[in-house]
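What follows is a predicted protein model with its sequence.
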Amino acid sequence: MCSACGAQTGSWAGKCGACGAWNTLEEQIDVRSTSKTATALSSGSVLKPAVIDSKKVFKSKRISLGITDIDEVFGGGIVEGSVCLIAGQPGIGKSTLLLQLAYNAAKSSNVLYVSGEESPEQVQIRGARLKAAHSNLKLVSSTSTNDIAATIATNEYDLVIVDSIQTVAAEEITGMPGSVSQVTNSTQFLTVAAKKTSTALVLVGHVTKEGSIAGPKVLEHAVDVVLQLEGDRYGGFRILRAIKNRFGSTNEAAILEMLDSGLRVVDNPSAALLAERQLSDGSVVLATLEGTRPLLVEVQALVHTTNYGYPKRAATGIDLNRLNLLVAMLEKRTKLKLSDKDIYINIVGGMKITEPAADLAICMAIASAAKGMKLKKDAVVFGEVGLSGEVRHVPWIDKRISEAIKLGFNDVIGPKVRGDHPNSVLHQMNDVRTALNTFLEK
């Protein structure tokens with residue numbers, strides 16, 4: 001089977017005949033059989049369905065990880081018998097975070113840390129640096145799925161961490177560790193063992209160059225919780241967010257920073273991100289959300305005349321296609337002439353903003369840098385901007401305003417709110433042109 005397109009063939013070949021990819025054909029065991037199918041139909045028994053009863057409440061026991069923000073990302077702690085997958089860029093801090101969480105969980109549960117990438121000595125060195133030593137925290141190095149599954153089946157441990165799923169292999173499956181067949185079947189073996197013994201299982205996953213989780217998509221479907229550790233590994237904050245969660249919300253996020261003693265939760269990330277801000281043209285404070293947590297970040301813009309025939313657009317922390325769309329809208333709906341300008345946008349602190357509420361802040365930063373003008377008032381800005389130049393409503397306006405007031409901002413520029421809004425600090429804008437004319441000055 002081709003790992004790239006899924007096409008099947010009866011024999012191995014160096015090149016896939018369907019998609020043309022090289023060295024992607026992998027052997028898989030074909031368990032389908034006509035006789036077996038007929039036997040299964042005749043030997044199967046009729047299932048007895050039950051009525052969904054809203055009065056029955058099943059409370060699953062959870063294992064606390066010792067850090068409130070991370071417990072909330074999991075939905076209140078790791079559920080016994082659940083399978084979690086955590087992924088992130090190399091060097092982002094996955095192993096460091098999991099060893100910290102294993103140590104915290106070991107204070108009340110039996111924990112096993114299985115390392116397939118590192119030797120026990122390497123993990124011991126990290127544990128000494130993090131001061132993560134406990135009698136309930138056991139360490140083993142193995143790349144055998146069969147051995148790990150047999151260890152889980154002993155029911156001696158409440159939490160098992162496997163670092164990583166791309167390094168383990170099952171004896172019954174051909175192929176190198178990390179191949180589609182090995183990742184799929186190894187996950188299935190470990191999941192069955194964890195579900196039977198009600199053992200919480202955490203798997204570490206690799207990512208591709210594009211940032212998506214490596215391996216087949218079925219890996220994400222097979223597990224209960226998928227977490228992504230994002231950020232800049234050379235500095236700035238890390239963000240642990242839930243992409244999928246069968247036991248809680250996917251709107252929660254934990255903001256962390258790397259120290260010598262490991263990853264630590266940032267109590268007031270907004271103040272840390274704005275600590276070194278300088279009041280100048282092209283600088284605008286954006287009120288964004290990470291999960292359900294409001295966060296103030298600085299948006300910086302740099303605009304100058306291009307020396308080439310085609311102007312350059314560059315963005316750090318936001319989607320470049322979104323920037324091009326906003327620049328085109330500004331040229332069409334305002335008097336700004338940006339067709340001969342190089343435009344650079346930077347989100348301070350290594351943050352990545354994906355929500356549309358950043359549109360108005362980006363537009364005002366570009367206009368401020370292009371005209372050499374500053375905001376009349378040091379205000380916080382948010383709002384989605386449409387192609388007609390209108391400023392659209394965004395969710396959680398009250399949370400954004402409260403965060404701005406907490407950090408000493410007395411003015412907030414945002415979209416028009418339906419009805420009367422109790423906060424007088426909010427300046428409601430109908431369109432981006434009005435916002436630029438009202439709040440920019442030399």
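Arrived safely.

List the buried residues of the lengthiest helix in the chain.
Looking across the chain with DSSP state H, the single longest helix is helix 180-197. For helix 180-197, burial by neighbour count (16 or more other Cβ atoms under 10 Å) applies to 180-187, 189-191, 193-194, 197. (Each C-beta comes from the backbone N, C-alpha and C, glycine too.)

Quick check: nearest residue in space to Asn136, chain neighbours excluded?
Nearest residue to Asn136, sequence neighbours excluded (Cβ to Cβ, 6 or more residues apart in numbering): Ala106, at 4.0 Å.

pretty sure that neighbour contacts Gly127?
No - here Ala106 lies out of contact with Gly127, judged by Cβ atoms under 8 Å, at a distance of 11.2 Å.

Can you pull the residues that touch both of these two?
By Cβ atoms under 8 Å, 6 or more residues apart in numbering, Ala106 and Gly127 have no common neighbours.

and the longest helix of the chain, what other elements does it pack with?
Judged by 3 or more Cβ pairs under 8 Å, 6 or more residues apart in numbering; DSSP states H and E, helix 180-197 is in contact with strand 83-88, helix 145-153, strand 200-205, helix 218-222.

where exactly do the strands run in the stretch 251-400 of the chain?
For the stretch 251-400 of the chain, the strands defined by DSSP state E, counting those that start in this stretch cover 253-259, 262-265, 283-290, 293-305, 313-316, 341-347, 374-375, 380-381, 384-385, 391-392.

who's in contact with the second one?
Identification of contacts with strand 262-265 by Cβ under 8 Å, 6+ apart yields 67-70, 93, 96-97, 99-100, 129-130, 238, 254-257.

redo that, cut-off 7 Å
Applying Cβ atoms under 7 Å, 6 or more residues apart in numbering, the contact partners of strand 262-265 are Ile67, Asp69, Gly93, Thr96, Leu97, Gln100, Leu130, Arg238, Ala254, Leu256, Glu257.

count of neighbours near the second one?
Looking back up the chat, that one is Asp69. By other Cβ atoms under 10 Å, 18 other residues sit near Asp69.

pLDDT at it, what is it?
Looking at Asp69, its pLDDT is 90.

for the one 3 residues further on, same thing?
Note on Glu72: pLDDT of 91.

Okay, buried residues for stretch 265-278 please.
Val266, Pro269, Ser270, Leu273, Leu274.

Over to stretch 288-301?
Buried, per 16+ other Cβ under 10 Å, within stretch 288-301: 288-291, 293-301.

Considering these, which member attains the minimum pLDDT?
Gly291 (79).

for it, what are its contacts?
Arg241, Asn251, Glu252, Ala253.

isn't the last one right next to Leu289, touching?
Spelled out, it's Ala253. No - the pair Ala253 and Leu289 fails to qualify as a contact (Cβ atoms under 7 Å) at a distance of 8.8 Å.

so what's Val297 up against?
Contacts for Val297 (Cβ under 7 Å, 6+ apart) come out as Leu273, Leu286, Thr288, Ile347, Val348, Gly349, Met351.

returning to what we had before: how far away is the residue nearest to Asn136 from Glu156?
In this structure, Ala106 and Glu156 are 13 Å apart, going by Cβ to Cβ, to the nearest Å.

more neighbours, those two?
Neighbours per residue (other Cβ under 10 Å) separate Ala106 from Glu156, with Ala106 holding more: 22 against 13.

Distance to His134 added to the buried residues of stretch 265-278, as a markdown table?
Formatted as a markdown table, those follow (distance: Cβ to Cβ, whole Å):
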| residue | distance to His134 |
| --- | --- |
| Val266 | 25 |
| Pro269 | 30 |
| Ser270 | 34 |
| Leu273 | 34 |
| Leu274 | 38 |
